[in-house]
Structure formats: C-alpha cells, structure tokens
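Q: Sequence first, predicted model second:
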2 protein chains.
Amino acid sequence: MPAKRSELATWRREQIIDSAMSVFGGKGVDAASMKDVAMAAGVTQGLLYHYFAGKEALVVAVIAERGFLPELRRLLSAAADRPASEVLPEVVAGFDKLLTARTPLLGMFLSGAHGNPKIRAGLEAVIAEGQRLLGEYLTARVAAGELHEHEPSAVAQMLLCSSLVTAVMGLSSDPRAKTSILIHGLAAT
Amino acid sequence: MPAKRSELATWRREQIIDSAMSVFGGKGVDAASMKDVAMAAGVTQGLLYHYFAGKEALVVAVIAERGFLPELRRLLSAAADRPASEVLPEVVAGFDKLLTARTPLLGMFLSGAHGNPKIRAGLEAVIAEGQRLLGEYLTARVAAGELHEHEPSAVAQMLLCSSLVTAVMGLSSDPRAKTSILIHGLAAT
DNA sequence: GCTGACTGACTAACCAGTCAATGAATAGAG
DNA sequence: CTCTATTCATTGACTGGTTAGTCAGTCAGC
C-alpha cells in the first residue's frame, strides 16, 4: 500500500479489481454483492463507488483489464511456417494453462454469459478471436502442403471449446492426445 | 388445469417446474427470484413453498426431472457394430439438437455451474456420462478394426464440449465437418 | 366435516447505491 | 522551512427497494 497519494489511487483501483474478479468468479456475479467485494478488498462499500460508477462498471473493468484477449493473441501468433504437429500441442497446452491460471475470471465469464450482455460479449470476443487466429494458422498450413483442405473453424471449435470446458469443470485435458488424433485421424490404416 | 384434486397437485407441480426452468434459464438462478417464478407460473409466492421446501429444492427438482441424462443415454446407445463414419455425425447432430431444444435448461446449468454445487454436480454428471458412453462405443470400434488405438476420452471431450459451447453461445456447429476431420485426420496424404 | 390447494399480507435480512463528515497527503504563500 | 488552504481517499450511517421464506386464513373438492 503506497504512501504517496498519486500512486495510492491506482494501486487501490487495481486491488479492488483483483478482489472483484475473485469474488465474482467464486460466487457468480449475481450472487456476489458489493459488500462481498468491499470486504474482500478490506475497504468499505462506499469506497467502491468512489472508484467505480456501480456494479456493472466494476464487471466491465474486470473484463477489460483482466481479460484473456492479450495473452490469447500472443499465444496464437503461431509461426505460420512451423508444422502443425509442433504448433498445435503447444497452443492447446498454452491455452489450457492460460485458463486454469485464471479460474476465477473463467468462472465469472461462464456464470454471467447467459444473463449479462457485457460478460457474454467478452466471452464471445475470446472465442471469436481464438477461432479466427487458429483458423488463419491452419489455412496457412494447408497452403504449405502440410494439411489437406478442411473446415478450420471446426478444428478451432473442437480444440478451444474442449479446453474451455475442461478448465471450468476441473477435468484433465490432454493436449497431445487431442492434437495427435486431429492430425492423424482415427481411421485404421 | 385439471378439476380433480388428485390430478391437480401433480399437474401444478409440473407446471411450477416448467416455469422455474424457463425463469432460471432466462435470467440465471441467482438473478431470478421466487417471485419471478411465481408470476411465470401464475400463482402466488406462497404456493411455491407448499410444493417445494425452498429455492434450492426447486433447482434440484428442475435438474432431476428435466435433466439431459435420459435423452443423452438414449442418443449414445449407439449400435456398436455400425461404423463410426455413420454413427458419430448422427450422435453429434443429435446432441446439438438436444441442447438447442432446451436452451433455458442449458443456460441454467452454465450460469450456476461455478457457484451452485448441486447444479455443478448435474453438469458433471452429463459430461461424465457422455464421455463414458461415447468412449465405450469408440473402444468397440477399435476392437472391430475400424479405428486404430487412441484416447477415447479426448475424442469425447472434443465433440461434446464443442457442442456444449456452440449451443450456449448460439454459434453454428457442423457435426459432419467435425467428425470427418476426426476420422480422416488433417494431415495431407 | 375434513383435507389440502391456494392466497395475500407479513418479516427479517439483504441488496445496490448515496452522502455528509473526516483526516491525511499535498500544493502554494510567505 | 513553516503555516495554511485545498484536495481527495476513506468511512459509516443511511435509503428505498427486493429477497427468501412464513403463516393464518379461505374455499373448493372429497
């Protein structure tokens, strides 16, 4: 907790966002009260409204400033000239790690996606961007002759969605098995 | 609305469960109030507590009596002697249809899975059962010589989870593309 | 006459959000 | 460097509205 007032304000803001992420993720946005967030942050409820216009604004701040998008973009900027057999397991394992490292945020996305339009839009953006970037890579590998023609969005959906659900449910995910099956197929030779 | 009192009680109970499913699914369990459910059912709030011990009991009743499990079992009792190239697209398309036909229930599962243990257990059961039944079928097809040795749970996860997420988000799912990629693989020949 | 489905008014607790008061850090004047 | 004025992070008590849940009483079917 900084003594300087100029640093204090930004520090406190970040701290409230972190507390909100953990509380919203743990109980769900609707079940969590502003009092819960205030207690988690160790401040009074009134102070929350000094930093954020309301509950909705706090939710938006969490999504905007703790969202998955930046890391997802970095992860999926896969070198288009490296083979899928190397890149895909890496990408899936990285995505799994990204999600499990921020389970509160993931819980908040999932619990709010059906009722809260802002949260839904945030989740939609993550899925759409993941699908787009992974699709671009796959198309490049088709052009390179490594993969044959296929529907890239179907592959992206299968990989990203299974990582998403396994992370939410706490199931074990096996990136290497998944990508190996996708590349070589199930059919007996 | 039956006139006979013997039929009335069971009819009313079913009606309340249906209303609860739609209300809980639409707003999320936490955001939906018992008053909302009562209004949707066209009865007073007091009557809800005549039929159900509380909100939690109503949630449990919706899961137990409107859950996906029976239909999922019927769908996945795939004839083990039919080829995967036929069966898998059918199963995935059927699962998609099952989920999109009951979006309220699906919304209720997703919104509550992270905060409500009862709902989480219900969703876990659906995924575990789906993974088990689909895994059994795939193992049978390996024994039949159609497919080579692989990790069945990885395939089940990819198919079921992608259907789940696409249904929740209202995205388009292409069962034939997905299963075709899984069976024949992405690698160029 | 009795059972039980049903009502509507009730409670205590909790909700998001407001606001006047406080006091410590800070900036400016001398 | 010191005194003072101002700013602003912070508090805690407050409001109007909503929540889950209760209960005494009503009335129709048996």
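A: That came in fine, so what should we check first? Residues are numbered from 1 along each chain as shown, chains lettered A, B, ... in the order given.
Q: List, one by one, the residues from chain A near DNA strand D.
A: A:Arg5, A:Leu8, A:Ala9, A:Arg12, A:Val43, A:Thr44, A:Gln45, A:Gly46, A:Leu47, A:His50 (Cβ under 7 Å from any atom of the strand). Where you see a C-beta, it was placed from the backbone N, CA and C, and this is true even at glycine.
Q: ok, 10 Å please
A: Residues of chain A lying near DNA strand D by Cβ under 10 Å from any atom of the strand: A:1-2, A:5-13, A:15-16, A:35, A:38, A:41-51.
Q: In chain A, where is pLDDT below threshold?
A: Along chain A, no part satisfies pLDDT under 70.
Q: Is chain B within reach of the longest helix seen in it?
A: Ranked by residue count, the top helix of chain A under DSSP state H comes out as helix A:117-143. Yes - contact of helix A:117-143 with chain B (Cβ under 8 Å from any Cβ of the partner chain) involves A:Leu123, A:Glu124, A:Ile127, A:Leu138.
Q: Now restrict those residues to buried residues only.
A: Among the residues of helix A:117-143 next to chain B, those classed as buried by 16 or more other Cβ atoms under 10 Å in any protein chain shown are A:Leu123, A:Ile127, A:Leu138.
Q: what residues are up against the last one?
A: Residues in contact with A:Leu138, defined by Cβ atoms under 8 Å, 6 or more residues apart in numbering or on different chains, are A:Ala84, A:Leu147, A:His150, A:Pro152, A:Val155, A:Ala156, B:Leu186.
Q: Export the residues you listed as CSV, with columns for neighbour count.
A: Putting the contacts of A:Leu138 into CSV (neighbours: other Cβ atoms under 10 Å in any protein chain shown) gives the following:
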residue, neighbour count
A:Ala84, 23
A:Leu147, 24
A:His150, 18
A:Pro152, 23
A:Val155, 28
A:Ala156, 22
B:Leu186, 25
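Q: And the residue of chain A that's closest to DNA strand D?
A: A:Gly46 (2.1 Å; Cβ to the nearest atom of the strand).
Q: Quick check: chain neighbours aside, which residue is closest to the most centrally placed residue in chain A?
A: Per Cα atoms, centre = their mean, the C-alpha nearest to the average position across chain A is that of A:Phe68, at 3.8 Å. Closest residue in space to A:Phe68, ignoring its immediate chain neighbours: A:Val126 at 5.2 Å, by Cβ to Cβ, 6 or more residues apart in numbering or on different chains.
Q: Spit out the contact partners of the one you found.
A: A:Gly67, A:Phe68, A:Leu69, A:Leu72, A:Phe109.
Q: sorry, back to before: which of the residues of helix A:117-143 next to chain B lies closest to DNA strand C?
A: Looking across those and measuring by Cβ to the nearest atom of the strand, the closest to DNA strand C is A:Leu123, at 20.9 Å.
Q: ok, now how distant is the closest one from A:Leu105?
A: 11 Å (Cβ to Cβ, to the nearest Å).
Q: ok, now A:Ala3?
A: With Cβ to Cβ as the criterion, A:Ala3 and A:Leu105 are 30 Å apart.
Q: ditto for A:Ile63
A: 8 Å.
Q: Settle it for me: which of the two has more neighbours?
A: A:Ile63 (25 against 20; other Cβ atoms under 10 Å in any protein chain shown).
Q: can you pull the contacts of the residue nearest to that one when sequence neighbours are not counted?
A: In this structure, A:Ile63 finds its nearest non-sequential neighbour in A:Gly122, 4.3 Å apart by Cβ to Cβ, 6+ apart. For A:Gly122, the contact set (Cβ under 8 Å, 6+ apart) comprises A:Ile63, A:Gly67, A:Phe109.
Q: can I get those residues in JSON lines with secondary structure and distance to DNA strand C?
A: JSON lines is the format used below for the contacts of A:Gly122 (DSSP: H, G, I helix; E, B strand; the rest coil; distance: Cβ to the nearest atom of the strand, whole Å):
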{"residue": "A:Ile63", "secondary structure": "helix", "distance to DNA strand C": "16"}
{"residue": "A:Gly67", "secondary structure": "coil", "distance to DNA strand C": "21"}
{"residue": "A:Phe109", "secondary structure": "helix", "distance to DNA strand C": "18"}
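Q: Now for the closest residue to chain B within chain A: which residues touch it?
A: Using Cβ to the nearest Cβ, A:Gly185 is the residue of chain A that sits closest to chain B, at 2.6 Å. By Cβ under 8 Å, 6+ apart, A:Gly185 lies in contact with B:Ile181, B:Leu182, B:Ile183, B:His184, B:Gly185, B:Leu186, B:Ala187.
Q: domains of chain A?
A: Following automatic domain parsing, one finds the domains of chain A at A:5-62, A:67-184.
Q: Let me have these in a markdown table, extended by distance to B:Leu99.
A: Listed next are the domains of chain A as a markdown table, based on distance: least, Cβ to Cβ, whole Å:
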| stretch | distance to B:Leu99 |
| --- | --- |
| domain A:5-62 | 21 |
| domain A:67-184 | 13 |
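Q: who touches the nearest residue to A:Ala41 once chain neighbours are set aside in this structure?
A: Closest residue to A:Ala41 apart from its sequence neighbours, by Cβ to Cβ, 6+ apart: A:Ser19 at 3.9 Å. A:Ser19 is in contact with A:Val37, A:Ala40, A:Ala41, counting by Cβ under 8 Å, 6+ apart.
Q: Save these as CSV, and put in distance to A:Val23 too.
A: Output for these, formatted as CSV (distance: Cβ to Cβ, whole Å):
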residue, distance to A:Val23
A:Val37, 5
A:Ala40, 5
A:Ala41, 9
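Q: Restricted to helices, list those residues.
A: Among the contacts of A:Ser19, the members falling in helices (DSSP H) are A:Val37, A:Ala40, A:Ala41.
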